[in-house]
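Asks: starting from these lines, generate the structure:
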Amino acid sequence: MAEAYRPKLHMTPDQGWMNDPNGLVFFNGHYHQFYQYYPHDTVWGPMHWGHKISQDLINWQELPPALYPDESGMCFSGSAIVDWNNTSGLFENGKPGLLAFYTSFIQPEVILADGRKVEDPIQQQSLAYSQDGMIWKKYQGGQPIIPARGNPGFRDPKVIWHPASQAWVMVVSCGQHIEFYRSTNLLDWQLVSEFGYRHGAHSKGPWECPDLFELQVEGSEETRWVLVVGIGEGAHCGGAGTQYFIGDFDGKTFTNHNHPEDILWLDFGRDYYATQSFSDIPSEDGRRIVSTWMSNHQYSLELPTQAFRSSMAMPRELFLLESSAGLRVGQRFVRELGTMLKLESKPVSALSASEVKSSVVKSSVMKCEFTAALSQDQTLSLALFEDHDIEFQFKHLEAGLEIRSLRKGQFGHARIDEHYPHDYSVVLPVAAEFSVSVLVDNGSVELLINGGEFSFTNLAFARNTDAMYAISVDNGELPIQQSAVKILVQGEQAC
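Replies: Numbering: from 1, shown residues only. The predicted structure follows:
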């Protein structure tokens, strides 16, 4: 019998606890996805770097952990790159290899090798390396490569190559701001600037899991730099969320092109955190592909799964579009998802207030798509499970499209029973005619508006896990275009 709420298309650990994606890199024909991992329980514990590989971003093979906690501390989040030219000098015969930059975290009360007792948490940036991506060694030649800064929230190094200035850049979260470091040899790093004071969303917890990359504006030759930052609590609809900034980066300084008080959310759901992008994807591919932890700190320790806890969102391709509100980052499901699905039906061509159009899918995996054009006084409802445990409502307002997200569920544990159910609305700058694409997998629902201009990512622990596509309108008639339901190809299942 299948394990309850084990998704078929989304990456999960075979067993144990998983959170942030780490070290996403393409190397030797495989996507390598590392992640925060505790193999011995389904709650957070001493952090390892778990390791999975894939050739299609959907099916993942689990390998032994790459990094283990030891006397140097736990192995917190970070990033990985291919050292193509052996710039670090760590590889034999000048061949390329992988470098993993991570945060070593030493807890208070630990006794160090020299006999000193740790009084306060120590977070410092460290390095590991691998010739083949499978066998890893921790760098001992100057560990840590960036010592602790005295801030208990100094972590999550993201390393990129900056072509214009011909240098490596490390982006690190440090309390409520971001620090930028530069290096020419990948071993010695110099602090060059900071960003974040009075910009974007802040809470009493630190900023986390930064990422930095350049994106081309769709339909243009212009590019902009995007800085992604996680906020662990106090996001738009409770708990954790992922914000981003659009601007310029000259190799040292990031300049925000929006007003400092403008807050741009990468996703409007409850379960989208610690977004990271893959490095070293071949240039002929040209995609900026990200993976994201699909959970929320408010209830992540009490999810109703069995052998494992947590999954990653469906990998997505980021793009930069000129919207009515200005330049914004959008997301599409990776194109590889299409090979996993087959057309099930085209159930709806029009709706009236006197009927509900529905299709129950005898599968826990479904992707449904439609385009609608709402009148000013109409509300379109989309329910995705038999008991309406997950529902979205769409209403056209003068200010834009109001999307209401509803989720029901009680599981017998205090925090999840308090925080998992929700009923919140956001108004987005979307016209009365809009398209919807929804991916339902056992334990999750991901909704894209207008081809990914906006997204909602939510865990979905429904009582009946068979997916359902039920849409209704509260009054009048509503034409529905390009409607389709797709399900998983028989026999296909991700790891």
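Asks: need phi/psi at the residue most central in space within the chain.
Replies: The centre of the chain sits closest to Thr292, judged by C-alpha atoms, centre = their mean, with a distance of 1.7 Å. Torsion angles at Thr292 (phi, psi; degrees, to the nearest 10) stand at phi -140, psi 140.
Asks: so what's the closest residue in space to Asn296 that isn't next to it in sequence scoring on pLDDT?
Replies: Closest residue in space to Asn296, ignoring its immediate chain neighbours: Gly239 at 4.3 Å, by C-beta to C-beta, 6 or more residues apart in numbering. Just so you know, the C-beta spots here come from the backbone N, C-alpha and C atoms, and that holds for glycine as well. pLDDT for Gly239: 89.
Asks: can you check Glu355 too?
Replies: We have a pLDDT of 67 for Glu355.
Asks: could you number the chain from 25 rather than 1 from now on?
Replies: Okay, residue one is now 25; in that scheme the one you just asked about reads as Glu379.
Asks: surely Leu483 is in a helix?
Replies: No - under DSSP: H, G, I helix; E, B strand; the rest coil, Leu483 sits outside any helix and is assigned strand.
Asks: just to check, Gly97 is in contact with Lys162?
Replies: No - using C-beta atoms under 8 Å, Gly97 is not in contact with Lys162; the gap is 10.6 Å.
Asks: follow-up on the earlier one: surely the residue nearest to Asn320 meets Ser324?
Replies: No - Gly263 is not in contact with Ser324 according to C-beta under 8 Å; the separation is 9.2 Å.
Asks: residue ranges with poor pLDDT in this structure?
Replies: 25, 132-144, 369-374, 378-379, 514-519 (pLDDT under 70).
Asks: quick one: contacts for Ile473?
Replies: Leu425, Ile427, Leu452, Val454, Phe458, Ser459, Val460, Ser479 (C-beta atoms under 8 Å, 6 or more residues apart in numbering).
Asks: what about 10 Å?
Replies: Residues near Ile473 by C-beta atoms under 10 Å, 6 or more residues apart in numbering: 292, 354, 416, 418, 425, 427, 452, 454, 458-461, 479-480.
Asks: hang on, Asp413 packs against Asn488?
Replies: Yes - Asp413 is within contact range of Asn488, at 8.1 Å (criterion: C-beta atoms under 10 Å).
Asks: quick one, which of the two is more surrounded?
Replies: With neighbours defined as other C-beta atoms under 10 Å, Asp413 and Asn488 compare such that Asp413 has more, 20 against 12.
Asks: let me see the ranges of the helices in the stretch 325-474 of the chain.
Replies: Using DSSP state H, counting those that start in this stretch, the helices found in the stretch 325-474 of the chain span residues 438-443.
Asks: coming back round to it: so for Gly97 and Lys162, which residue has more residues nearby?
Replies: Comparing Gly97 with Lys162 by other C-beta under 10 Å, the one with more neighbours is Gly97, at 23 against 17.
Asks: how near is the more buried one to Ser207?
Replies: Look at Gly97 and Ser207: by C-beta to C-beta, to the nearest Å, they are 22 Å apart.
Asks: so what's Leu122 closest to, chain neighbours aside?
Replies: Nearest non-adjacent residue to Leu122, counting by C-beta to C-beta, 6+ apart: Ser154, 4.7 Å away.
Asks: which residues touch that neighbour?
Replies: Phe51, His56, Ala90, Ala104, Leu114, Phe115, Gly121, Leu122, Leu123, Ala124, Trp160, Lys161.
Asks: more neighbours, Gly263 and Ser324?
Replies: Set Gly263 next to Ser324 and count neighbours by other C-beta under 10 Å: Ser324 wins out with 24 against 21.
Asks: residues contacting the nearest residue to the more buried one once chain neighbours are set aside?
Replies: Distance criterion C-beta to C-beta, 6+ apart; nearest residue to Ser324, sequence neighbours excluded, is Ser334 at 6.6 Å. By C-beta under 10 Å, 6+ apart, Ser334 lies in contact with 34-37, 40-44, 59-61, 66, 68, 295, 317-319, 324-325, 327, 467, 483.
Asks: and what of Gln155?
Replies: Gln155 is in contact with Leu114, Phe115, Glu116, Asn117, Lys119, Pro120, Gly121, Leu122, Lys161, counting by C-beta under 10 Å, 6+ apart.
Asks: part of a helix, is the fourth one?
Replies: Yes - the assignment for Asn117, made by three-state DSSP, places it in a helix.
Asks: report how many residues lie close to Thr111.
Replies: Thr111, neighbours per other C-beta under 10 Å, totals 18.
Asks: hmm, it is touching Thr208, no?
Replies: Yes - under the criterion of C-beta under 10 Å, Thr111 makes contact with Thr208 at 7.8 Å.
Asks: shared neighbours, these two?
Replies: Joint contacts of Thr111 and Thr208 (C-beta under 10 Å, 6+ apart) are Trp192.
Asks: let me see the domain layout of this structure.
Replies: 40-357, 360-512 (automatic domain parsing).
Asks: distance across the shortest one, terminal residue to terminal residue?
Replies: Using C-alpha to C-alpha, to the nearest Å, the end-to-end distance of domain 360-512 comes to 13 Å.
Asks: the longest one too?
Replies: As for domain 40-357, its first-to-last residue distance stands at 26 Å under the measure C-alpha to C-alpha.
Asks: all strands for the stretch 25-174 of the chain, in order.
Replies: 40-51, 54-62, 72-78, 85-91, 98-107, 121-130, 146-154, 161-162 (DSSP state E, counting those that start in this stretch).
Asks: what does the last one contact?
Replies: It stands for strand 161-162. Contact with strand 161-162 is made by 91-92, 94, 96, 99, 114, 124, 126, 128, 150-155, as judged by C-beta under 10 Å, 6+ apart.
Asks: for the stretch 375-519 of the chain, just list every one of the strands.
Replies: Applying DSSP E, counting those that start in this stretch to the stretch 375-519 of the chain gives strands spanning 380-384, 390-397, 403-409, 414-421, 424-431, 446-452, 457-465, 467-473, 478-484, 491-497, 501-512.
Asks: possible to save those as TSV with distance to Gly174?
Replies: What follows is the strands of the stretch 375-519 of the chain, written out as TSV (distance: least, C-beta to C-beta, whole Å):
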stretch	distance to Gly174
strand 380-384	57
strand 390-397	48
strand 403-409	48
strand 414-421	45
strand 424-431	40
strand 446-452	38
strand 457-465	43
strand 467-473	39
strand 478-484	35
strand 491-497	50
strand 501-512	50
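Asks: out of the ones you listed, which is closest to Ala26?
Replies: strand 467-473 (11.6 Å; C-beta to C-beta).
Asks: the closest one pairs with which strands, and in what direction?
Replies: Applying DSSP bridges, strand 467-473 is found paired with strand 457-465 (antiparallel), strand 478-484 (antiparallel).
Asks: which of the ones you listed sits most buried?
Replies: Counting by mean count of other C-beta atoms under 10 Å, strand 478-484 has the highest mean neighbour count of those, with a mean of 23.
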